[in-house]
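1. Starting from these lines, generate the structure:
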Amino acid sequence: MRNLPAWLAFVSRSHLQADVLAGAMVAVLVIPQSLAYALLAGLPAPAGLVASVLPVLAYAWLGSSRTQAVGPVAITAIMTSSLLAPLAVPGSAQHVVLAALLALLSGAFMLAFGLLRLGFLSQLLSRPVVSGFISGSALLIVVNQAHHLLGLPGSQESVLSTVLGLARQLREAHAPTVVLSLLAVLVLVLARTRLAGWLKHVGLSAQGAGHAVRLAPLCILLLATLWVVLTDADRNSGVAVVGMVRLDAAVWSWVWPDAAQLRQLLAPALTLAFVGTVQGITMAQALAVQRHERLDANRELVGLGAANVVAAFSGGMPVGGGMSRTALNTAAGAQTQWASVVTALGIAALVLTGTQWMERMPVAVLAASIVVAALGMVDVRALRQAWAYDRADAVALMATAVGVWVLGLELGIVLGIALSLATLLLRASAPHIAVIGRIPGTEHFRNVERHGVETIPGVLLLRIDESLYFGNLSAVESRLALELSKAPDTHDVVLIMSAVNRVDTTAMEVLADLNRDLQGRGVRLHLAEVKGPVQDRLERVPLWTGLSGQVFLSVNAAFESLREAGPDCYKNKSTSSRQFEGWEVI
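-> Okay, here's the model as predicted:
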């Protein structure tokens, strides 16, 4: 039982009933989505169906999240198309082979990340950068699908070239396809934004209105398909349809890659694996917080990696944790991964029993559903919030989105990582440092620039709100020099280290130099509120025994001691007899 997934070993009857109903509903809803994302990836439509069966079962067995839904998703689909565009023509046999290899290699990378316990890699991208990447990718999806909406041939050029090419070809757009696309987009947008309100206004419950909104894309697609069948629009008017959807058409016989193909795909696969890691774990963590569950990020990576490896060998496409799929799954009442198992089996049953009704689905309506979903991924609120709260985060968000557009997904994500790390280093190199004093009548100490506080003449209380390392020491030295120049009669300096979690070797040596320099000027250096782990390290070096002042348990203890002692109390004291006021490990 130890190796069984928790959802399989411990499941209640009520949860199982909820999972069966949720799984059946999601199976019906994600079929058109799976077909659409396969087309977005430049693959035959059946690849999306295959990727919604066996990979889902693999993740359900090995993943950590109880309700995350895995399958073809917009981000992995557009990345598959973009990353493989320089290597093969979308829709070609070579593109299909390379997509499977991409799934295999990215899955292997994610498996390795999980087994090596590298789940923390998902934290290399800040939330604004992730938001910028998703928003940029969403706009890339819109451009990628524009030719389907207009009934024009596709293009493998850059975003700017594609947009300019579409603008030049507008007069050649296929009128029936354009009309169908506009109607589909309009109805889909109204369904997303207005349908729930209308239905609740006429008396439908909130739950029923929610189900209706989720079913709307499927109903629109079925109505469009019915129109094609009744009018023969594909034959009479040239409206593009999905075409043959046969499970055996998607089952791809494995071809072992040669060394050249592996070299070509290593960088794209690593990029896809990293993005899949960030997206999958971010979604799973959000679900875990919402549902008060524990998440094992490393096991989550193993599950996602296994799903992609299975997708490669079963003839599917790269998969990931999907926002829309997971939202559907949880909204439908899913409690465990039994819901995903039912979804996978339901899709397999629907495909095996008959797919003729899918074959005349108009591609324009599938593209419209992708475009509307993609536009919903553009997070304008995140940009407004970042701009109001932290301009650096807002710039990182916008730069990542523009980078995805101008440089492509691969370099866009590299830019995002670079911006995240650069922002982190910039903030760490410029720590917040405050001169503090005591609020009268209390033991609380606050910034002298923000509060009315009492201070001691000749005593400088300096609080450092960051760990000390080689990158931020110049800022600390500069601030200390500035404060000493303002008050040349200073005889005691207290460094408050309540926010210091680590002091690296360079910082320790600089503190020792400061201690020596200040002592030469007749100024004592004290430490206050040093944390236990920091103390453990400092005790090993000469700074600890050579400190000219004292170590205080609290800022208030330092304040009282120095106020009572005055400037001359330690003048004749040797360092070896120095006492530690109120010291204990904290």
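
2. tell me the phi and psi of L495?
-> L495 has phi and psi values of phi -90, psi 120 when expressed as degrees, to the nearest 10.

3. you'd agree it is up against A528?
-> Yes: here L495 reaches A528: they are 7.1 Å apart, a contact under CB atoms under 8 Å. Just so you know, the C-beta spots here come from the backbone N, C-alpha and C atoms, and that holds for glycine as well.

4. Compute the distance between Q335 and V342, please.
-> 12 Å (CB to CB, to the nearest Å).

5. try P318
-> Taking CB to CB as the measure, P318 falls 23 Å from V342.

6. With L40 instead?
-> Using CB to CB, L40 is found at 26 Å from V342.

7. between those two, which one's more packed in?
-> L40 (27 against 22; other CB atoms under 10 Å).

8. need the contact list for that one.
-> Residues in contact with L40 (CB atoms under 8 Å, 6 or more residues apart in numbering) are 74, 77-78, 81, 141, 144-145, 370.

9. Show only the entries of these found in helices.
-> Using DSSP state H, 74, 77-78, 81, 141, 144-145, 370 are the members of these that sit in helices.

10. quick one: pLDDT of V255?
-> Model confidence at V255, given as pLDDT, is 65.

11. Next, count neighbours for P542.
-> P542 has 10 neighbours, counted by other CB under 10 Å.

12. now the one 5 residues further on
-> Applying the criterion other CB under 10 Å, we find 21 residues in the vicinity of L547.

13. Can you verify my assumption that it contacts R516?
-> No: with contact defined as CB under 8 Å, L547 does not count as touching R516 (10.4 Å).

14. Compare neighbour counts for L495 and A528 and give me the winner.
-> Neighbour tally, L495 and A528, criterion other CB under 10 Å: the higher count belongs to A528, 26 against 23.

15. residue contacts, that one?
-> Contact analysis of A528 by CB under 8 Å, 6+ apart lists 494-498, 551-555, 557-558.

16. Mean confidence (pLDDT) on the lengthiest helix in the chain, please.
-> Counting by DSSP H, the longest helix found in the chain is helix 259-291. The average of the pLDDT scores along helix 259-291 is 84.

17. for the helix or strand just after that helix, which positions count as buried?
-> Moving toward the C-terminus from helix 259-291, the next helix or strand (DSSP states H and E) is helix 297-313. Across helix 297-313, burial judged by 16 or more other CB atoms under 10 Å covers 297-312.

18. quick check, nearest of the residues you listed to L149?
-> L149 lies nearest to A311 out of the buried residues of helix 297-313, by CB to CB, at 28.0 Å.

19. From what I see, that closest one and A103 are in contact.
-> Yes: assessed by CB under 8 Å, A311 is found in contact with A103 at 4.7 Å.

20. intersection of neighbour lists for these two?
-> In contact with both A311 and A103: 317-319, using CB under 8 Å, 6+ apart.

21. want to throw those into JSON lines with distance to V541 and secondary structure?
-> Listed next are these as JSON lines, based on distance: CB to CB, whole Å; DSSP: H, G, I helix; E, B strand; the rest coil:
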{"residue": "M317", "distance to V541": "56", "secondary structure": "coil"}
{"residue": "P318", "distance to V541": "51", "secondary structure": "coil"}
{"residue": "V319", "distance to V541": "52", "secondary structure": "coil"}
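
22. which of those residues lies closest to E477?
-> P318 (50.2 Å).

23. if I pick the closest one, what's in contact with it?
-> By CB under 8 Å, 6+ apart, the contact list for P318 reads 41, 51, 76-77, 79-80, 99, 102-103, 106-107, 272, 276, 308, 311.

24. Are any of the residues you listed buried, and if so which?
-> Buried members of the contacts of P318, scored by 16+ other CB under 10 Å, are 41, 51, 76-77, 79-80, 99, 102-103, 106-107, 272, 276, 308, 311.

25. Helices along the stretch 301-450 of the chain, start to end?
-> 323-331, 338-353, 356-359, 363-375, 380-389, 391-407, 409-429 (DSSP state H, counting those that start in this stretch).

26. shared neighbours of Q335 and V342, which are they?
-> Counting by CB under 8 Å, 6+ apart, the contacts common to Q335 and V342 are 19, 22.

27. re the thing from before, please render the shared contacts of A311 and A103 as CSV that adds distance to V435 and pLDDT to the earlier fields.
-> Shown next, in CSV, are the shared contacts of A311 and A103 (distance: CB to CB, whole Å; pLDDT from 0 to 100):
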residue, distance to V435, pLDDT
M317, 59, 91
P318, 54, 95
V319, 55, 95
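
28. lowest-confidence helix or strand of the chain?
-> Least confident helix or strand of the chain, by mean pLDDT, DSSP states H and E, is helix 247-250 with a mean of 51.

29. would you list every one of the strands in the stretch 1-150 of the chain?
-> With strands called from DSSP state E, counting those that start in this stretch, the stretch 1-150 of the chain shows them at 70-71.

30. where does it have low pLDDT?
-> Low-confidence segments of the stretch 1-150 of the chain (pLDDT under 70): 1-4, 6-7, 9-11.

31. Apply 50 and report the result again.
-> The model of the stretch 1-150 of the chain has pLDDT under 50 over residues 1.

32. what ranges do the helices span in it?
-> Going by DSSP H, counting those that start in this stretch, the stretch 1-150 of the chain shows helices at 6-9, 13-40, 46-50, 54-62, 74-84, 93-115, 127-150.

33. so how far is the second one off the chain centroid?
-> Remark: helix 13-40 is offset 24 Å from the chain centroid, using CA atoms, centre = their mean, to the nearest Å.

34. Give me the angle between that helix and helix 338-353.
-> Put simply, helix 13-40 runs at 50 degrees to helix 338-353, going by axes from the mean of the first three to the mean of the last three CA atoms, to 10 degrees.

35. Name the residues of helix 13-40 that come out as buried.
-> For helix 13-40, the neighbour count (16+ other CB under 10 Å) marks 15-16, 18-20, 22-27, 29-40 as buried.

36. want to try a markdown table for the contacts of A528, with distance to I413 and pLDDT as columns?
-> Output for the contacts of A528, formatted as a markdown table (distance: CB to CB, whole Å; pLDDT from 0 to 100):
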| residue | distance to I413 | pLDDT |
| --- | --- | --- |
| V494 | 45 | 96 |
| L495 | 40 | 96 |
| I496 | 40 | 96 |
| M497 | 37 | 94 |
| S498 | 37 | 93 |
| V551 | 46 | 93 |
| F552 | 47 | 94 |
| L553 | 47 | 92 |
| S554 | 46 | 93 |
| V555 | 44 | 95 |
| A557 | 50 | 94 |
| A558 | 48 | 94 |
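
37. Tell me which of those fall in helices.
-> Counted as lying in helices by DSSP H, out of the contacts of A528, are 555, 557-558.

38. buried stuff in stretch 190-202?
-> Across stretch 190-202, burial judged by 16+ other CB under 10 Å covers 191-192, 195-196, 199.

39. Of those, which belong to helices?
-> 196, 199.

40. Show me how the protein divides into domains.
-> Annotated domains of the chain cover 14-424, 433-577 [automatic domain parsing].

41. CSV please, covering those domains and showing distance to P5.
-> What follows is the domains of the chain, written out as CSV (distance: least, CB to CB, whole Å):
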stretch, distance to P5
domain 14-424, 6
domain 433-577, 37
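
42. mind checking how far V20 is from Q335?
-> In terms of CB to CB, V20 sits 10 Å off from Q335.

43. brain fart, L426
-> Distance, L426 to Q335, using CB to CB: 44 Å.

44. In terms of neighbours, single out the busier of those two.
-> Neighbour count, other CB under 10 Å: between L426 and Q335, Q335 has more, with 20 against 11.

45. Please look at that one and L21 and confirm they touch.
-> No: taking contacts as CB under 8 Å, Q335 lies outside contact range of L21: 10.4 Å.

46. measure stretch 161-176 end to end?
-> 25 Å (CA to CA, to the nearest Å).
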